[in-house]
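Enquirer: Could you look at this predicted model? Sequence included:
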Amino acid sequence: MPPPVKRISTVDIRRKKQEGRLITMLTAYDYPTARLVDDAGVDMVLVGDSVGNVILGYDSTIPVTMADMLHHTRAVSRGVRRALVIGDMPFLSYNLDRAETLRNAGRFLQEAGAQAVKLEGGREVAETVRVIVSAGIPVMGHLGLTPQAVHQLGGYRVQGRDAATARRLLEDARILEAAGVFSIVLECVPVELAQRITAAVSVPTIGIGAGPHCDGQVLVTHDLLGLYGDFKPKFVKRYAELYKDIARALREFREEVEAGRFPGPEHGYSMPEEELP
Ligand code: KIV
């Protein structure tokens, strides 16, 4: 039996900002990836609704359902012992009525083993954040490019480049902080604005495409491993090229089987000659 490991809490995450220590977060959608991310010592594992694009083959996160998210969050929770697991609330799961929102948020903790939820939006979700937090469920906010609002934003583009939207984003961060979030993802906002927001709020900001001045960084794990798609956003650094490696391995398997080179003698089981029928 492995020794018990102390789980990272939202209090630890907030303390890291106070102590000036940078925070790490990566996505996972399944058990083996969750184990790898946890073993790498990453602070938080986000079961992102990016599962829609990365795993389920949709062209946005909008079709992702509560059932999808709970299924993937359960698998991730089984693989993580140390990191804080955050379940991403999918499109329309927190915008209808209060009771349903609270029930959905609660299911991530009660049925899927997460310790927190994330939801997208600013002032328009402040009351929702308050309701969820008051039930004892930690909430991570998400500002800037919020993919569930892609049709409203007119595409996947950098947010907050002009004075009015930059001011609004800064206000939204303060409003989310007052509503009780324990941290805020800043996605695709200019470096200077992310720095301003990070200095303006006491809760940690976790950047993706938001520059080096955030309190932490998140990437989609499949992006950094080079496992997903030919398109590489500017903010992604590829630490591996696994798509190419896997493609080569699969091709080699096919070629070796077709050429009669696999399986070799070392891959088979034998039995005594006299036992053969
Ligand atoms: O769904 C997701 O993976 C996310 C991250 C990009 C922050 O929201």
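Expert: Alright, I've got the coordinates.

Enquirer: Within range of the ligand, give me the residues from this structure.
Expert: 27, 46, 48-50, 88, 185, 187, 208, 218, 220 (Cβ under 6 Å from any ligand atom). All C-beta atoms are positioned from the backbone trio N, CA, C, and that covers glycine.

Enquirer: which one of those residues is nearest the ligand?
Expert: Nearest to the ligand out of those is Gly48 (Cβ to the nearest ligand atom; 2.3 Å).

Enquirer: Identify the residues contacting the closest one.
Expert: Contacts for Gly48 (Cβ atoms under 8 Å, 6 or more residues apart in numbering) come out as 27, 29, 88, 118, 220.

Enquirer: Show me those residues that map onto strands.
Expert: Counting by DSSP state E, the contacts of Gly48 place 27, 88, 118 in strands.

Enquirer: Tell me the spacing between the second one and Val220.
Expert: When you say that, I think you mean Asp88. Distance from Asp88 to Val220, counting by Cβ to Cβ, to the nearest Å: 12 Å.

Enquirer: okay, the two: which has more neighbours?
Expert: Asp88 (28 against 23; other Cβ atoms under 10 Å).

Enquirer: That one contacts Gly52, correct?
Expert: No: Asp88 is beyond contact range of Gly52, at 9.9 Å (criterion: Cβ atoms under 8 Å).

Enquirer: in the one helix or strand in the chain whose mean pLDDT sits lowest, what's buried?
Expert: Least confident helix or strand, the chain: helix 150-153 with a mean of 93, by mean pLDDT, DSSP states H and E. Going by neighbour count (16 or more other Cβ atoms under 10 Å), the buried part of helix 150-153 is Val150.

Enquirer: Show the average pLDDT along the very next helix or strand once past that helix.
Expert: Scanning forward in sequence from helix 150-153 by DSSP states H and E, the next helix or strand is helix 163-179. Averaging pLDDT along helix 163-179 gives 98.
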